[in-house]
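Q: have a look; sequence and predicted model below, questions after that.
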Amino acid sequence: MAESKEVVIKRLDETVVNRIAAGEVIQRPANAIKEMIENSLDAGSTSITVAIKSGGLKMIQISDNGHGIRKEDLEIVCERFTTSKLKEFTDLRSITTFGFRGEALASISHVAHLSISSKTQGSQCGYKASYVDGKLKDQPRPTASNDGTQITVEDLFYNVLTRRKAFRSASEEHQRIADVITRYAIHNSGKSFTLRKSDNDTSSGVTVRTQLGASALDNIRALFGSNIANEIIHVEHENETLHLRIKGYISNANCSMKKFNFLLFINNRLVECTSLKRALDAVYQSYLPKGGRPFVYLSLEMPATNLDVNVHPTKHEVHFLHEEAVIEEVQTAIENKLLSCDSSRTFYTQK
Ligand code: ADP
Ligand code: MG
């Protein structure tokens, strides 16, 4: 008889577990930046600046003017499941902040060198601390700083070589980061956003910028160009039965692009929804030349109880109730808007 080999089950080391979990939340520099922008917005910031090196792989630094982190909290802020936002599980039904799991900073600190410098309004000076694997490396030290928080993330995935090797191009990562920041900047118009490359003299500079007090249309013009901004229609629609509010800006029949620029926010969260995208593409097909694609920025609001945000580690995907009816309602609202603009155009040219 062949000697059977004994199989041993062992409990994984805690740092290994944390590193695996971290890889699910933080998949690339753009994810880390999305999480940190959401933290800055949760903290009430009106000005958010992101500086990156090598597409964020070498360095990400995000500075805000939000309420800051208290010195006492700097000790635990990077541990898993430490949050100032969620207290009870039932709160998940009505959560209005982006964060709720206390996982982002913990995750980042498991796959990168992380340091935080922060000052609250009530504090005389700021404090700076650095972290490794969720833990404080050494005690917070006083530092001169403005009110708000600055978080620096260096050498992302330094300890996850397979992940690190998967990134081929810094410019592709930069593009993804610019994309995320552009979207947040448009949805949070009025607050200022800046993305700056700070590699070296040759490839440094601001690549995304919006101004304090600017309108959504100003920002669409600044970030997507006048060709789109000049052909844009404002949409606003409400359906009481579905408890649904639709707001946004969409391009009209005169504006046709190669790529579908679709910016979707549901209850202020940046999400993706393939079925809605397909439905809108179908609407535009009868208005645009063959192969032409629109620009659509939509903000949907529905009762928090209809939306499940805790579906995916990156919170990118959301599930919501009455999905088919909601999609149909959005589709009809946009169709009607395009139709009314189209007929007014015909009317105008006939006169
Ligand atoms: P979550 O956002 O789910 O609470 P995070 O790991 O993203 O978890 O952040 C942990 C905590 O750190 C937050 O609850 C918040 O109190 C604090 N924090 C993080 N970033 C900032 C910031 N930019 N300004 C103020 N507080 C922050
Ligand atoms: Mg967060």
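A: Nice, I can see it. Numbers count the residues shown, from 1 in each chain. Ligands and ions are numbered 1, 2, ... in the order given.

Q: how long is stretch 142-151 end to end?
A: Stretch 142-151 has an end-to-end distance of 15 Å (Cα to Cα, to the nearest Å).

Q: ranges for the helices of the protein?
A: Using DSSP state H, the helices of the chain run over residues 14-25, 29-42, 104-111, 161-165, 170-187, 216-224, 226-229, 274-285, 323-350.

Q: show me the contacts for Ser115.
A: Taking Cβ atoms under 8 Å, 6 or more residues apart in numbering, we find Ser115 in contact with 128-131, 151-152. In short, each C-beta sits where N, CA and C put it, glycine included.

Q: change it to 6 Å
A: Residues near Ser115 by Cβ atoms under 6 Å, 6 or more residues apart in numbering: 130, 152.

Q: and if you look at Ile266?
A: If you count contacts by Cβ under 6 Å, 6+ apart, Ile266 has them with 300, 318.

Q: over to Tyr131?
A: By Cβ under 6 Å, 6+ apart, the contact set of Tyr131 is 78, 109, 114, 137.

Q: narrow the residues you listed to those that are buried.
A: 78, 109, 114 (16 or more other Cβ atoms under 10 Å).

Q: the last one contacts Glu154, correct?
A: Just to be clear, that refers to Leu114. No. In this structure, Leu114 is not within contact of Glu154 by Cβ atoms under 6 Å, at 7.8 Å.

Q: what pLDDT is listed against the nearest residue to Lys337 once chain neighbours are set aside?
A: With Cβ to Cβ, 6 or more residues apart in numbering as the criterion, Lys337 has its nearest non-adjacent residue at 5.4 Å, and that residue is Val235. In this prediction, Val235 carries a pLDDT score of 96.

Q: and if you look at the one 10 residues further on?
A: With respect to pLDDT, Arg245 has a value of 97.

Q: neighbours around it, how many?
A: Neighbourhood size, Arg245 [other Cβ atoms under 10 Å]: 14.

Q: Leu288 too?
A: 20.

Q: tell me the contacts of the closest residue to it other than its chain neighbours?
A: Residue nearest to Leu288 in three dimensions, not counting chain neighbours: Ser256, with 4.7 Å by Cβ to Cβ, 6+ apart. The contact partners of Ser256, taken as Cβ under 6 Å, 6+ apart, are 288-289, 292.

Q: break down the stretch 51-200 of the chain into its strands, ranges please.
A: For the stretch 51-200 of the chain, applying DSSP state E, counting those that start in this stretch gives strands covering 59-64, 113-119, 126-132, 135-136, 141-143, 148-154, 192-198.

Q: the ones you listed into TSV, with extra columns for distance to Phe98 and mean pLDDT?
A: Formatted as TSV, the strands of the stretch 51-200 of the chain follow (distance: least, Cβ to Cβ, whole Å; pLDDT from 0 to 100):
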stretch	distance to Phe98	mean pLDDT
strand 59-64	13	98
strand 113-119	18	97
strand 126-132	21	96
strand 135-136	24	92
strand 141-143	27	96
strand 148-154	15	98
strand 192-198	15	96
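
Q: out of those strands, nearest to ligand 1?
A: Closest approach to ligand 1 among the strands of the stretch 51-200 of the chain (Cβ to the nearest ligand atom): strand 148-154, 3.8 Å.

Q: rewinding a little: of the buried ones among the contacts of Tyr131, which is the nearest to ligand 2?
A: Distance ranking of the buried ones among the contacts of Tyr131 against ligand 2, using Cβ to the ion, places Cys78 first at 11.6 Å.

Q: pLDDT score assigned to that closest one?
A: For Cys78, the pLDDT comes out at 83.

Q: again, but for the one 5 residues further on
A: As summarised for this prediction, Thr83 has a pLDDT of 75.

Q: that one - how many residues pack around it?
A: 18.

Q: can the strands of the stretch 51-200 of the chain go into CSV with extra columns for distance to Glu35?
A: Below are the strands of the stretch 51-200 of the chain laid out as CSV (distance: least, Cβ to Cβ, whole Å):
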stretch, distance to Glu35
strand 59-64, 10
strand 113-119, 12
strand 126-132, 15
strand 135-136, 19
strand 141-143, 23
strand 148-154, 10
strand 192-198, 15
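
Q: closest one to Ala21 out of the buried ones among the contacts of Tyr131, please.
A: Ser109 (12.1 Å; Cβ to Cβ).
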